[in-house]
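Undergrad: Sharing a sequence plus its predicted fold:
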Amino acid sequence: MFRQSGVQSTVPSTPGLTPQRLALLQSMPIFGALNATSIAFIESHCRCLELEAGQVIFYEGDPASSLFVLEQGTAEVMKQCGPDLRRLRWLHDGDCFGEMAIVDMNPRGATVRTTTPCKALEIPTEALYGLYELDLEQFTLIQMNMLREVSRRLRYLIEKLADSQPEMLEKATKV
C-alpha cells in the first residue's frame, strides 16, 4: 500500500507476463541471470502500480514488506536532513528501490516520490521467500543482484564523499 499526502490508496492491477514484459524484466539488473520460470514466479506475486507525478510510494520510516522495480518513469529518493528534505538520487526505468529495508530488516531509510507518471512493480517479501522454497539457486542470484546494487550505491557515495568531504570520510571509516 502506498500513500499520497497521507492518504492511503491501492491500485488494483494484476500483472501479466507477456513476452515483452519478460524481456523487459530480464533486462533489469535485479533480475540479471534469473531464468524465465523464476521471473514468472516472482512477477505472479507482484502488484503493478500506475502512479501519477508527485505521488509518494513510501515514506522514510515506514515499515518495509516489499521492494520495487521502476518499469517506466522517473522518481526521486529523498532523505530528511534536519528540517530539510534532500534528494539523494534519481530513479529511472529499470532501477530497483526499497531493497535496503528488505536486506537489513529496518524501516524505510528514505522517501520515494514520483516526478513523472510511473509504472512500477511491487515485489512482496513473500515472493522472495517463495522463490527460496522453489529454487534456492535462483533465490541466491536475486539476493546477489540486490547486494550488488546496494554495493554500487555505497561505492558511489564513498567516492562522492571522498571528493567533497575527505575529513568526513576519514571519520566515517573509523566506526
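TA: Okay, I see it.
Undergrad: Let me see the contact set for residue 125.
TA: 65, 66, 102 (C-beta atoms under 8 Å, 6 or more residues apart in numbering). Heads up, the C-betas are built off the backbone N, CA and C, glycines and all.
Undergrad: So which of the residues you listed belong to helices?
TA: residue 102 (DSSP state H).
Undergrad: For the contacts of residue 125, give me JSON lines that also has neighbour count, distance to residue 116 and pLDDT.
TA: Putting the contacts of residue 125 into JSON lines (neighbours: other C-beta atoms under 10 Å; distance: C-beta to C-beta, whole Å; pLDDT from 0 to 100) gives the following:
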{"residue": "65", "neighbour count": "13", "distance to residue 116": "26", "pLDDT": "93"}
{"residue": "66", "neighbour count": "22", "distance to residue 116": "22", "pLDDT": "95"}
{"residue": "102", "neighbour count": "18", "distance to residue 116": "25", "pLDDT": "82"}
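Undergrad: Would you indicate which residues of stretch 21-32 are buried?
TA: For stretch 21-32, a neighbour-count test (16 or more other C-beta atoms under 10 Å) marks 21, 24, 25, 28, 30, 31 as buried.
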